[in-house]
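Chemist: could you look at this predicted model? Sequence included:
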Amino acid sequence: MMVECSSPELKLIADVVAASQVVTIRYRGRLYRYIVNPISTGLTVIEPKVLRAIVKAILDRVDIRDVDYILTFEAMGIHIATALSLEVNIPVVIAKKRDYTGNMIPIYRGEGAETLYLHPEIRGSKVIIVDSIISNGTTISRAIKVLEENNVTIKDIIVVIERLDREGVKKVKNETGYDVKSLVKISVSDKVEIVSC
């Protein structure tokens, strides 16, 4: 099925995502269909034109004014948040996989998942959450709860790829009340199908 994208930037992003390789891996004790592409896995080269397209598409969908930080998660949101930061001159805060200082704020993501840690400087700030992909929504849902506990105002949430088959956007909305915007919606079986862009 051919899907029409609403801009050249989204078409480029959708083409990159559509070319994803689908591999089955064991993750947290279960078999999982994982997509391999430059945007969400970093296992292949990501071209500057793709990053520029992602930044333009994000800025077309979110209001970045009055934001203190762009928040992302280690590791596969870093390149997107950095490219966005360079365009809008807003600092990036990365939820890291290690507490390097001993005083970072933990985000417990559940059984079998690594805990992520936020720098305490984020308390009381205004953020936009940016990530490469949303699957089941656990990371974003748990992050929202921790951010709210630390008086962080979440101005917007956007991801490049939304896996419709994993229903993460729906889960985040049900658990937190927040909407997650996405640039490209996909379904994953033996291949990646672009549902909308």
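Modeler: Looks like it arrived, so ask away.
Chemist: hang on, isn't residue 157 packed against residue 127?
Modeler: No: using C-beta atoms under 8 Å, residue 157 is not in contact with residue 127, being 9.3 Å away. For the C-beta atoms, the positions are set from N, CA and C on the backbone; glycine is no exception.
Chemist: how far off centre is the single longest strand found in the chain?
Modeler: Secondary structure of the chain per DSSP state E: the longest strand is strand 153-163. Distance of strand 153-163 from the chain centroid (C-alpha atoms, centre = their mean, to the nearest Å) equals 6 Å.
Chemist: for this structure, what spans make up the strands?
Modeler: Using DSSP E, strands in the chain cover 21-27, 30-36, 69-73, 92-95, 105-107, 116-118, 126-134, 153-163, 181-188, 192-196.
Chemist: got a markdown table for those, with mean neighbour count, distance to residue 52 and mean pLDDT too?
Modeler: Listed next are those as a markdown table, based on neighbours: other C-beta atoms under 10 Å; distance: least, C-beta to C-beta, whole Å; pLDDT from 0 to 100:
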| stretch | mean neighbour count | distance to residue 52 | mean pLDDT |
| --- | --- | --- | --- |
| strand 21-27 | 11 | 24 | 86 |
| strand 30-36 | 14 | 22 | 85 |
| strand 69-73 | 24 | 16 | 97 |
| strand 92-95 | 21 | 17 | 97 |
| strand 105-107 | 18 | 30 | 93 |
| strand 116-118 | 23 | 28 | 94 |
| strand 126-134 | 23 | 15 | 97 |
| strand 153-163 | 22 | 13 | 98 |
| strand 181-188 | 20 | 13 | 97 |
| strand 192-196 | 18 | 20 | 95 |
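Chemist: the ones you listed: which one's closest to residue 13?
Modeler: Ranking those by proximity to residue 13 (C-beta to C-beta) places strand 181-188 first, at 5.6 Å.
Chemist: okay, that closest one in PDB with CA atoms only?
Modeler: In PDB, the C-alpha atoms belonging to strand 181-188 read as follows (Å, rounded to 0.1, in the frame of the first residue of the first chain):
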ATOM      1  CA  LYS A 181       3.000  13.000  18.600                       C
ATOM      2  CA  SER A 182       4.800  11.000  16.000                       C
ATOM      3  CA  LEU A 183       6.100  11.700  12.500                       C
ATOM      4  CA  VAL A 184       5.800   8.200  11.000                       C
ATOM      5  CA  LYS A 185       3.300   5.500  12.100                       C
ATOM      6  CA  ILE A 186       4.300   1.900  11.200                       C
ATOM      7  CA  SER A 187       3.100  -1.600  11.500                       C
ATOM      8  CA  VAL A 188       5.700  -4.400  11.900                       C
END
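Chemist: contact partners of that strand?
Modeler: For strand 181-188, contacts defined as C-beta atoms under 8 Å, 6 or more residues apart in numbering pick out 10, 13-14, 17, 22, 33, 35, 54, 57-58, 61-62, 134, 156-165, 169, 192-197.
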